[in-house]
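Asker: Return a 3D structure for these sequence lines:
(one chain, ligands or ions: 1)
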Amino acid sequence: MGIPQPAFYIFKCEQSAPPGMPKPSCVTPQTQDLFQYLAQKLMQDGIMGTVQPIRTACLNRCNAGPVMLVEPGHTMYTRLTKEKIDRIITEHILGGVVVEEFVIESELWDAPMSPCDMQKQMGR
Ligand code: FES
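Answerer: Purely as a prediction, here's the structure:
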């Protein structure tokens, strides 16, 4: 038997804006420990490895930050707090049920466009 691949990847936006930048970002002094909290929670629950947390740059939903994307499923969670992370791990990652109340609004997260359709839209 080989090494099992992860069941989930959690992409946590770790972008912070430079001081004075008007655009919001996912990492501020108030939210800078959320990735660490997520990783510790996965370790405490004994599921690190089958759930792989990944630090990413901007996921282009800055106004809804702090955000993280759970794959598979394209589930984007917004306005994260430690309490929300606890519930997402318990209910979604362990329980298999998406925590709908924390999922991004559909107007900010419409159905994906295929790369082929995007090329057509660009006239290629
Ligand atoms: S800074 Fe996190 S989505 Fe843009």
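
Asker: The protein: strands as residue ranges?
Answerer: Taking DSSP state E, the strands of the chain run over residues 8-13, 51-56, 68-71, 75-77.

Asker: Adding mean pLDDT, write those out as a markdown table.
Answerer: A markdown table is the format used below for these (pLDDT from 0 to 100):
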| stretch | mean pLDDT |
| --- | --- |
| strand 8-13 | 98 |
| strand 51-56 | 98 |
| strand 68-71 | 98 |
| strand 75-77 | 98 |
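
Asker: quick one: low-confidence ranges for the protein?
Answerer: For the chain, no stretch is flagged by pLDDT under 70.

Asker: And the residue nearest the centre of it?
Answerer: Nearest to the mean C-alpha position of the chain, by Cα atoms, centre = their mean, lies residue 68 at 1.4 Å.

Asker: shouldn't that residue be in contact with residue 80?
Answerer: Yes: here residue 68 reaches residue 80: they are 6.2 Å apart, a contact under Cβ atoms under 8 Å. From N, CA and C alone the C-beta is placed, and that goes for glycine too.

Asker: give the contact list for the residue nearest to the centre of the chain.
Answerer: 10-13, 38, 76-77, 80 (Cβ atoms under 8 Å, 6 or more residues apart in numbering).

Asker: which ones are touching residue 63?
Answerer: With Cβ under 8 Å, 6+ apart, residue 63 has these contacts: 24, 108.

Asker: how close does it get to the ligand?
Answerer: When distance is defined by Cβ to the nearest ligand atom, to the nearest Å, residue 63 is 8 Å away from the ligand.

Asker: Give me the distance between that residue and residue 108.
Answerer: 8 Å (Cβ to Cβ, to the nearest Å).

Asker: What of residue 92?
Answerer: 19 Å.

Asker: Tell me which of the two has more neighbours.
Answerer: residue 92 (21 against 13; other Cβ atoms under 10 Å).

Asker: The closest residue to residue 85 other than its chain neighbours and the ligand: what is the separation?
Answerer: Nearest non-adjacent residue to residue 85, counting by Cβ to Cβ, 6 or more residues apart in numbering: residue 38, 5.4 Å away. Between residue 38 and the ligand the distance is 14 Å, computed by Cβ to the nearest ligand atom.

Asker: Please apply the same query to residue 30.
Answerer: Residue 30 is 14 Å from the ligand, by Cβ to the nearest ligand atom.
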